[in-house]
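**Q** any chance you can model this:
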Amino acid sequence: MRLSDPELRILVLAPTEKDAKLTEGIFERAQIDCRCFAGLPALCAELDRGAGAVLVPEEILAGDEANRLILRIAQQPPWSDLPVLVVARLGADSAAVARAMELLGNVTVLERPTRVAALVSAARTALRARQRQYQIRQHLADREESEKALRINDRRKDEFLAILAHELRNPLAPIRNSVFILRDLSAGGGEVAEIAEMMERQVNHMVRLVDDLLEVSRITRDKIDLRKERVELSSIVRAALEATRPAIDAAAHRLDIEIPETSILLDADPVRLSQVLANLLNNAAKYTDAGGHIRLRAREDGDAVEISVCDNGTGISREMLPRVFDLFTQATQGSIRAQGGLGIGLTLVKRLVEMHGGTVTATSAGIGLGSEFSIRLPVARAEAAERSGPEIDTVKALMRRRVLVVDDNVDAADSLAALLEHLGVETFVAYGGADAIEALPKFQPAVVLLDIGMPDMDGHEVARRIRKHQTDHVTLIAMTGWGQEEDRRRSEEAGFDYHLIKPADVHALGALLRSLEQPAAAVRLAH
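**A** Have a look, this model is predicted:
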């Protein structure tokens, strides 16, 4: 008997030796591999090694042993539908055959006496069907392997983006610190002031691109979290305008703002919603020729507020319009001008708006005819939120405080210390974890600005050692390029009070240090 793949065998229940020899001879001449068994238990046990089809007589299905085969067939994997050939008496319409067809699934009935040609034909048909099932199995296995590889690659991509963002933030920190000092020293105007402003714009643009790297990861993994609170629409608009005004002014655009004078309250994450409007305003500034017209308008409509950003810029082609919110979609030449970026801004807008229970749409009459993005958000119906007190210039209002700056990057440490000294803060610099531990009792700082990724002793270990010596009066602030939620959690576990991302915004850092002078400081680890 020629041997072949066990999964292409026909397993035959042949109660007598004569039946076994006859069947083996028929299949051998047809070059079909088979194996005969005298009893159903042995045949079912052999199924574990694989089978292309099963051939059984009608009589065996009438007994209790048939349940063994029925149970074994029922345990097949989803891709499998094992062919079962049943040899029955001529013209038989027995209950056993009916039960087999109902419970065994893929059943072919051959009437006895069975012609050799009919038996061989049925066997070959069953084996061809089984081979197609094996192809489906292989396809499913290949797809599962591909999905596994994609998950691994996706995780590696996230890790790469986090590392890349961290490595890019390290050199950006001293640059931003130095630019702030340069701009402040040249506040009187002149060529130096213009250069400082230009450098600041470009550094801020680079910081936004680095942040976008991590937003890609958050979008694809659905890891964006909202911190909702009762907030006025006017404050969100004001924050968005502060972020985008430099780009709008640099292009000499005319900006018209139309928002209701009455208070409109939203249950929203103010930072994320400001990011939405800022992205739309930045897009309008980018894709509108210098001296263009941008309009930001908001109006109440029942239980919702409609916010639109409209421009008379280069517009969006009909082909591009349905895809403007897709991830990594970039305007191609001939539709709207390529202006750089990573192509995730509008994807983020759509995701954040939907997370707030709203919708966003884009319209354009075509190339050169401008565009309009409209947002619809639910309005919060409740008493007006308490207004905060007047804003304070936190950068210039710092008291003399002792701040220990710890960073193995000499440029980052020195530039941050120089910035703080410029703002009226007394500083001491340590270029490693061990130096920081040694300087702590001598300098006795109120605040420690501590880098995480240091070679000799990382920031987490430094924080744990500081907390171990019961120095609860010291405020620990992580200054790091690592900004994922897991990084914030690890900082909190190590004993940090706050987690700031490099390069820290000067105003945000100043506001935080100023808040530490108050009896009730801001919520920890929220920055």
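**Q** was I right to think Val429 contacts Val403?
**A** No: look at Val429 against Val403 with C-beta atoms under 8 Å: they stay out of range, at 9.9 Å. C-beta: built from backbone N, CA, C; applies to glycine.
**Q** the more surrounded of the two?
**A** More crowded of Val429 and Val403, by other C-beta atoms under 10 Å: Val403, with 23 against 19.
**Q** helices along the stretch 401-527 of the chain, start to end?
**A** Shown for the stretch 401-527 of the chain, the helices assigned by DSSP state H, counting those that start in this stretch span residues 410-422, 433-443, 459-468, 485-494, 506-515.
**Q** now these as TSV including mean neighbour count, distance to Ile294 and mean pLDDT?
**A** Below are the helices of the stretch 401-527 of the chain laid out as TSV (neighbours: other C-beta atoms under 10 Å; distance: least, C-beta to C-beta, whole Å; pLDDT from 0 to 100):
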stretch	mean neighbour count	distance to Ile294	mean pLDDT
helix 410-422	20	33	89
helix 433-443	17	48	92
helix 459-468	19	43	92
helix 485-494	16	34	88
helix 506-515	19	25	80
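**Q** make a markdown table from those helices and add distance to Leu449 to it.
**A** Listed next are the helices of the stretch 401-527 of the chain as a markdown table, based on distance: least, C-beta to C-beta, whole Å:
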| stretch | distance to Leu449 |
| --- | --- |
| helix 410-422 | 7 |
| helix 433-443 | 10 |
| helix 459-468 | 10 |
| helix 485-494 | 13 |
| helix 506-515 | 8 |
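**Q** number of residues surrounding Arg132?
**A** 11.
**Q** one more: Leu150?
**A** Residue crowding around Leu150 was assessed by other C-beta under 10 Å; the count is 11.
**Q** so where does it fall, helix or strand?
**A** Following DSSP states H and E, one finds Leu150 within helix 116-185.
**Q** doesn't Arg35 make contact with Phe27?
**A** No: judged on C-beta under 8 Å, Phe27 makes no contact with Arg35 at a distance of 9.7 Å.
**Q** more neighbours, the two?
**A** Neighbour count, other C-beta under 10 Å: between Phe27 and Arg35, Phe27 has more, with 22 against 19.
**Q** for the more buried one, which non-adjacent residue is spatially closest?
**A** Cys34 (4.3 Å; C-beta to C-beta, 6 or more residues apart in numbering).
**Q** shaky segments in the stretch 301-450 of the chain?
**A** Flagging of the stretch 301-450 of the chain using pLDDT under 70 yields the residue ranges 327-343, 382-400.
**Q** let's see that with 80 instead.
**A** Residues of the stretch 301-450 of the chain that meet the criterion pLDDT under 80 lie in 326-345, 381-401.
**Q** and the stretch 101-250 of the chain, by the same measure?
**A** In the predicted model of the stretch 101-250 of the chain, residues 101-103, 154-155, 157-170, 183-194, 196-227 satisfy pLDDT under 80.
**Q** can you tell me how far Gly357 is from Arg128?
**A** Using C-beta to C-beta, to the nearest Å, Gly357 is found at 54 Å from Arg128.
**Q** for Glu372, same thing?
**A** Between Glu372 and Arg128 the distance is 59 Å, computed by C-beta to C-beta.
**Q** which one of the two has more residues nearby?
**A** The residue with more neighbours, out of Glu372 and Arg128, is Glu372; 19 against 11, by other C-beta under 10 Å.
**Q** so that one makes contact with Ser308?
**A** Yes: counting by C-beta under 8 Å, Glu372 touches Ser308, with 5.7 Å between them.
**Q** find residues that contact each of Phe27 and Arg35.
**A** Listed as contacting both Phe27 and Arg35 by C-beta atoms under 8 Å, 6 or more residues apart in numbering are Ile10.
**Q** what domains does the record give for the chain?
**A** Annotated domains of the chain cover 6-114, 156-220, 230-378, 402-515 [automatic domain parsing].
**Q** which ones are touching the closest residue in space to Ala100 that isn't next to it in sequence?
**A** For Ala100, ignoring the flanking residues on the chain, the nearest one in space by C-beta to C-beta, 6+ apart is Leu61 at 4.8 Å. Contact analysis of Leu61 by C-beta under 8 Å, 6+ apart lists 69, 86, 96-97, 99-100.
**Q** where does Leu61 sit: helix, strand or coil?
**A** Of the three states, Leu61 takes helix according to DSSP: H, G, I helix; E, B strand; the rest coil.
**Q** so what pLDDT did it get?
**A** Predicted confidence (pLDDT) for Leu61: 78.
**Q** how many neighbours does the nearest residue to Glu65 once chain neighbours are set aside have?
**A** In space, and not counting its chain neighbours, Glu65 is closest to Leu40: 4.6 Å by C-beta to C-beta, 6+ apart. Leu40: 21 surrounding residues under other C-beta under 10 Å.
**Q** look up how far Leu13 lies from Leu40.
**A** Shown here: Leu40 relative to Leu13, a distance of 6 Å by C-beta to C-beta.
**Q** likewise for Val353?
**A** Taking C-beta to C-beta as the measure, Val353 falls 65 Å from Leu13.
**Q** just Tyr287 next, same as before
**A** Distance of Tyr287 to Leu13, given as C-beta to C-beta: 75 Å.
**Q** same question for Asp19.
**A** Distance, Asp19 to Leu13, using C-beta to C-beta: 9 Å.
**Q** more neighbours: these two, which one.
**A** Taking other C-beta under 10 Å, Asp19 and Leu13 do not tie; Leu13 has more neighbours (25 against 16).
**Q** contacts only, for Val120.
**A** Val120 neighbours (C-beta under 8 Å, 6+ apart): 26-27, 30, 32.
**Q** let's see 6 Å
**A** Ala30 (C-beta atoms under 6 Å, 6 or more residues apart in numbering).
**Q** can you list the neighbours in contact with the strand or helix carrying Ala298?
**A** Assigned by DSSP H and E, Ala298 falls within strand 293-301. Strand 293-301 has contacts (C-beta under 6 Å, 6+ apart) with 253-259, 284, 305-312.
**Q** so which of the residues you listed is the most crowded?
**A** Ala284 (29 neighbours).
**Q** wait, isn't it in contact with Asn312?
**A** No: using C-beta atoms under 6 Å, Ala284 is not in contact with Asn312; the gap is 9.4 Å.
**Q** let's see which of the contacts of strand 293-301 end up in strands.
**A** Among the contacts of strand 293-301, DSSP state E puts 254-258, 305-311 in strands.
**Q** would you list the residues you listed in a markdown table and tack on distance to Arg381?
**A** Output for those, formatted as a markdown table (distance: C-beta to C-beta, whole Å):
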| residue | distance to Arg381 |
| --- | --- |
| Arg254 | 35 |
| Leu255 | 30 |
| Asp256 | 29 |
| Ile257 | 25 |
| Glu258 | 23 |
| Val305 | 12 |
| Glu306 | 17 |
| Ile307 | 18 |
| Ser308 | 22 |
| Val309 | 25 |
| Cys310 | 28 |
| Asp311 | 32 |
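**Q** spatially, which two of those are the most separated?
**A** Spatial extent of the ones in strands among the contacts of strand 293-301 (C-beta to C-beta) is set by the pair Arg254 and Val305 at 24.0 Å.
**Q** is Phe37 in contact with Leu43, as I believe?
**A** Yes: at 4.2 Å, Phe37 and Leu43 qualify as touching, with contact defined as C-beta under 6 Å.
**Q** immediately after the strand or helix carrying Gln202, which helix or strand?
**A** Using DSSP H and E, Gln202 falls within helix 191-220. Scanning forward in sequence from helix 191-220 by DSSP H and E, the next helix or strand is strand 229-232.
**Q** quick one, strands of the stretch 351-500 of the chain?
**A** With DSSP state E, counting those that start in this stretch as the criterion, the stretch 351-500 of the chain has strands at 359-363, 371-378, 402-406, 426-430, 447-450, 475-480, 498-501.
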